[in-house]
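**Student:** Okay, here's the prediction I keep looking at, along with the sequence it came from:
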Amino acid sequence: MSEPTPVPIPSDLQSVQQESLHLDGSAPVENMYVDKKAVDKLTEGFLTHYLPDLQNSKRALQELTQNQLVLLDTLDQEVTKFRECNALLDLNSLFTEAKAYHNKLVNIRKEMIMLHEKTTKLKKRALKLQQQKQKEALEKEQQREKELERERQLNAKPAKRT
């Protein structure tokens, strides 16, 4: 067996060790000798025991992170699809609304054409009625003139004495 070689302990570790020793109630240790081979073997054993689990955990975390990135991309694509669907629904509602307004305009146009035809017929009828009244008034006036002329002729003819 080799003789233990003193391993220098950093001052901050020494103070922590000394404080922990003070808490126990024992005297502070000034010089501590640690076997280098023991430290190496303990380190190697520690690493051998925990390193595979840590590497597995690291791989699992990397895989989980990768899966999260894939999920985020997929979620982003789904959100984009929903937005496009909503845009299409809005577009469809606009086309439906435009079709309804077009139908209203077509009905208004038909109604205006029908009203125009009715007013044209009414104007023609009013013109015919006016012409008929004028004709009747003219005939009446002519009739009255004939009667007046006849009365004049009747009144104006004095009986001739022979």
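**Tutor:** Thanks, I have the structure now. Residues are numbered from 1 along each chain as shown.
**Student:** I'd like the next helix or strand past the lowest-mean-pLDDT helix or strand in the chain.
**Tutor:** Lowest on mean pLDDT, DSSP states H and E among the helices and strands of the chain sits helix 11-24, with a mean of 45. Once the chain leaves helix 11-24, the next helix or strand it forms, by DSSP states H and E, is helix 36-156.
**Student:** pLDDT score for residue 35?
**Tutor:** According to the prediction, residue 35 has pLDDT 89.
**Student:** What's the separation between it and residue 44?
**Tutor:** Note on residue 35: its distance to residue 44, by CB to CB, to the nearest Å, is 14 Å. C-beta coordinates here come from the backbone N, C-alpha and C atoms, glycine included.
**Student:** Compare these two (neighbour count), which wins?
**Tutor:** Using other CB atoms under 10 Å as the criterion, residue 35 and residue 44 rank with residue 35 on top: 15 against 11.
**Student:** which phi and psi does the more buried one have?
**Tutor:** phi -70, psi 120 (degrees, to the nearest 10).
**Student:** Any figure for the gap between it and residue 50?
**Tutor:** 22 Å.
**Student:** Likewise for residue 141?
**Tutor:** Residue 141 is 132 Å from residue 50, by CB to CB.
**Student:** cool, and residue 123?
**Tutor:** In this view, residue 123 and residue 50 are 107 Å apart by CB to CB.
**Student:** so where is the chain shaky, pLDDT-wise?
**Tutor:** Scanning the chain with the threshold set as pLDDT under 70 gives 1-30, 156-159, 162.
**Student:** Can you get me a residue count around residue 81?
**Tutor:** So residue 81, with other CB under 10 Å, has 10 neighbours.
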